[in-house]
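> Below is the structure, and that's it, no one-letter string:
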């Protein structure tokens, strides 16, 4: 009886971990056509990057996506657990390379100064454009696609 209860609890923990993993890197359609936003939130661990990368690649494979915006605004020194900044730089490089191989352009937004400094010092180069904010990236994409915001007069 105790073994069944333990197995049930382990199954529930695994379900909750899956739910948390899905919530901590949602894929959100953007107002710019064929563009997705992937905000990365929560504690950063090496194994999470692999899951996030797989999730993004599977989503891209099944949709007509041209651009993926990876938002790192929530990632700060306190949110990085057991991963050095250099490793995060490599993971971001691998993410951008993987997405690029799927024919999708990657834009990074919201990188913190500590991460940027570490990546530059370690010689890590991203195969992607980066912007300070999500808004700046959207403005860039809209300009590229000949789109603009207009006030609708009544």
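Done, it's in. None of the values given here were measured: they were computed from a predicted structure.

> pLDDT weak spots in the chain?
1, 16-24, 43, 46, 76-85, 154 (pLDDT under 70).

> any chance you could map the strands in it?
28-29, 35-39, 67-71, 105-109, 129-131 (DSSP state E).

> And the contacts of the shortest one?
Strand 28-29 has contacts (Cβ atoms under 8 Å, 6 or more residues apart in numbering) with 35-39. In short, each C-beta sits where N, CA and C put it, glycine included.

> Mind doing that once more with 6 Å?
Applying Cβ atoms under 6 Å, 6 or more residues apart in numbering, the contact partners of strand 28-29 are residue 37.

> before we move on, back to that, redo the strands of the chain as JSON lines? Include mean neighbour count and distance to residue 150.
Shown next, in JSON lines, are these (neighbours: other Cβ atoms under 10 Å; distance: least, Cβ to Cβ, whole Å):
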{"stretch": "strand 28-29", "mean neighbour count": "12", "distance to residue 150": "21"}
{"stretch": "strand 35-39", "mean neighbour count": "21", "distance to residue 150": "19"}
{"stretch": "strand 67-71", "mean neighbour count": "24", "distance to residue 150": "22"}
{"stretch": "strand 105-109", "mean neighbour count": "21", "distance to residue 150": "24"}
{"stretch": "strand 129-131", "mean neighbour count": "17", "distance to residue 150": "23"}
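
> Of those, which is nearest residue 5?
Of all the strands of the chain, it is strand 35-39 that lies closest to residue 5, at 36.9 Å by Cβ to Cβ.
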